[in-house]
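In: no sequence on this one, just coordinates:
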């Protein structure tokens, strides 16, 4: 079984703002594109244009309707990928050492040449962040775009995970969560960032920022745009509206 390295002072990871994520899946597309063309084996798709398509993704977005005790219902979009846990059970359960945690920055990776596809890491991960690639016969997971963040051939602005770089609502943030003075650590402290399922004892590095409560008295900014432009229609539209209004309510006779 693989041993975890001593805890590193550098803990690279993501901070995801559930208040500003709009569920557009741009991060999913960017992740799929970058990790198919670069690091490791391509992320395969099975029957992508058929009736039952499926594929391998390192990042997914789930959407939920949340009904609080007080206030209106909210739709929360919840991105999920590997959390790069400090006490990663996927690493210690691996029989070949394919799953490992980097001592220098805490990133959890898979050495695909040593992976036998036994899927023990998927069973051990309480977050469901491991995926078996049926075409390649190996396990896949988020790499934090390790081939981007250290790539000096890229402009500095692009040395960040693809999902962070592409997020249109700036809901994803990347940095060193081991540094209390880093921008991501300050964001977690200011917004009350939390661990996902802390009772599992995995000590995930990635953090989530909670959605803010919605005020029932706040004005709907779209309301003025929904007012009718004209009170009395003219032409074909007016005739069609009148004709449809004259039809029996039960439908055709």
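Out: Cool, got the structure. Here the structure is a predicted model, which is why all the values come from computation and not from measurement.
In: only C-alpha atoms for contact and neighbour calcs from this point on.
Out: Will do.
In: so what's residue 60 bridging to?
Out: residue 80 (DSSP bridges).
In: thinking it is in contact with residue 81, fair?
Out: Yes - the pair residue 60 / residue 81 is scored as a contact, 6.7 Å apart, by Cα atoms under 8 Å.
In: shared neighbours, these two?
Out: The contact sets of residue 60 and residue 81 do not overlap (Cα atoms under 8 Å, 6 or more residues apart in numbering).
In: those two: which has the busier surroundings?
Out: Using other Cα atoms under 10 Å, the more surrounded residue of residue 60 and residue 81 is residue 81, with 21 against 16.
In: return the residues in contact with that one.
Out: Contacts of residue 81 by Cα under 8 Å, 6+ apart are 58, 59, 60, 129, 141, 142.
In: neighbours of the second one, how many?
Out: I take that to be residue 59. By other Cα under 10 Å, neighbour count at residue 59 equals 21.
In: for the stretch 1-150 of the chain, which segments count as strands?
Out: Applying DSSP state E, counting those that start in this stretch to the stretch 1-150 of the chain gives strands spanning 12-17, 45-46, 54-55, 60-66, 74-80, 99-101, 108-110, 131-133, 138-140.
In: mean pLDDT and distance to residue 36 for these - can I get that in JSON lines?
Out: Putting those into JSON lines (pLDDT from 0 to 100; distance: least, Cα to Cα, whole Å) gives the following:
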{"stretch": "strand 12-17", "mean pLDDT": "98", "distance to residue 36": "21"}
{"stretch": "strand 45-46", "mean pLDDT": "88", "distance to residue 36": "10"}
{"stretch": "strand 54-55", "mean pLDDT": "89", "distance to residue 36": "12"}
{"stretch": "strand 60-66", "mean pLDDT": "92", "distance to residue 36": "15"}
{"stretch": "strand 74-80", "mean pLDDT": "92", "distance to residue 36": "18"}
{"stretch": "strand 99-101", "mean pLDDT": "96", "distance to residue 36": "19"}
{"stretch": "strand 108-110", "mean pLDDT": "96", "distance to residue 36": "15"}
{"stretch": "strand 131-133", "mean pLDDT": "93", "distance to residue 36": "12"}
{"stretch": "strand 138-140", "mean pLDDT": "94", "distance to residue 36": "11"}
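In: would you mind saying which of those strands lies nearest residue 240?
Out: Counting by Cα to Cα, residue 240 lies closest to strand 74-80 out of these; the figure is 37.0 Å.
In: can you map out the strands along the stretch 151-253 of the chain?
Out: 172-176, 207-209.
In: if I look at the closest residue to residue 36 other than its chain neighbours, how far off is residue 137?
Out: Counting by Cα to Cα, 6 or more residues apart in numbering, residue 42 is the residue found nearest to residue 36 once chain neighbours are left out, at 4.1 Å. As judged by Cα to Cα, to the nearest Å, residue 42 and residue 137 stand 11 Å apart.
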